[in-house]
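Q: 3D model of this:
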Amino acid sequence: MKYLVEFIGTFFLILTIVVTVGGTAGAFAPIAIGSILMVMIYAGGHISGAHYNPAVTLGVFIRGKCSAADVPMYMIAQILGGVVAAFAGKFLLTGIADAAGIPATAPASFSATGNVAQAMLAEFLGTFALVYVVLNTATANSNAGNSFYGLAIGFTVTACAYGLGGVSGGAFNPAVALGVSTAGMTNWGNIGFFLISQLAAGALAGIVFKMTYSGDEDE
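A: This next block holds a predicted model:
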C-alpha cells in the first residue's frame, strides 16, 4: 500500500506541475505546486512517509528512516507516477492549448537565465533545502506528532521555485525531472544535470541531518 501511496502522491504533484507551468497559471504555478505537495503529504504521510521524490527517499534512507529494501520500490513508484502524470498532463494541456491558443509546453527548463553550472547549483540548493526540511520536520523525534510538516515542506518548494526556478526550472526532484522531460518541457539532454544535482543534494542533506541533529535519538 505504501508504494501505491507514493505513486499517487507523485502523480498529482507532477500532474500539477505539467498543467500549471505549461498552461495559464503563470506566476501562480509555484503556489499550486507547493499546495498540492502539501495536501498530498498530509494525505499519505501516515502511510508511506510521503516522500514523492527519489532525492527525499535517498536522504531518508541515509538518515536511517527508510529500509534498503524499500528504497528501490519507492523510487520505482515515484518514477512511474511521474511518467504517467506527464502523459496525462500533456493530454489535458494539449486540449487546453487547442482551445485557448496557448503553448502546449513550457520553455526548456535549462534555457532560463543560467548556464549548466548555474542550473546545477540551483537544483542542488533547492533539493538540499527541500530534503533538509523534510528530515527535520517529518522524521525527527523532537518534532514527532507535529501538524506543520506538510505546510513547511510545501512552502519550501514554493519558495525555492520562486527563488531558483528562473535559473534551472525548479524541479528539485528526479521524478519531476523525468516527468517534465517526458512531457517535452525540457530537453532529454538535461536529465543528467538534474539527476546528479538532485541526488547529490538529497544524500548531503541526509548526512548533514545526522551530523547536526541532537534531539531525541531513534533507538
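Q: where are the low-confidence patches of the protein?
A: For the chain, applying pLDDT under 70 flags the ranges 96-114, 215-219.
Q: how near is the most centrally placed residue in it to residue 60?
A: Centroid check for the chain by Cα atoms, centre = their mean gives residue 173 as the closest residue, at 3.8 Å. Taking Cβ to Cβ, to the nearest Å as the criterion, residue 173 is separated from residue 60 by 14 Å. Yep, even glycine has a C-beta here, placed from its N, CA and C like the rest.
Q: repeat that for residue 45.
A: According to Cβ to Cβ, residue 45 and residue 60 sit 12 Å apart.
Q: the two: which has the busier surroundings?
A: Neighbour count, other Cβ atoms under 10 Å: between residue 45 and residue 60, residue 60 has more, with 26 against 17.
Q: if you count neighbours, what's buried in stretch 28-37?
A: 29, 30, 31, 32, 33, 34, 35, 36, 37 (16 or more other Cβ atoms under 10 Å).
Q: which strands or helices does whichever helix or strand the fourth one is part of pack on?
A: Residue 32 is part of helix 29-48 when elements are defined by DSSP states H and E. Counting contacts by 3 or more Cβ pairs under 8 Å, 6 or more residues apart in numbering; DSSP states H and E, helix 29-48 packs against helix 2-21, helix 149-168.
Q: could the ones you listed be laid out in JSON lines, adding distance to residue 68 and mean neighbour count?
A: Shown next, in JSON lines, are those (distance: least, Cβ to Cβ, whole Å; neighbours: other Cβ atoms under 10 Å):
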{"stretch": "helix 2-21", "distance to residue 68": "15", "mean neighbour count": "24"}
{"stretch": "helix 149-168", "distance to residue 68": "24", "mean neighbour count": "21"}
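Q: right, and those - which one's nearest residue 127?
A: helix 149-168 (8.5 Å; Cβ to Cβ).
Q: which other helices and strands does the closest one contact?
A: Using 3+ Cβ pairs under 8 Å, 6+ apart: helix 149-168 touches helix 29-48, helix 116-138.
Q: out of those, indicate the one that is most buried.
A: Most buried of these, by mean neighbour count (mean count of other Cβ atoms under 10 Å): helix 116-138, with a mean of 22.
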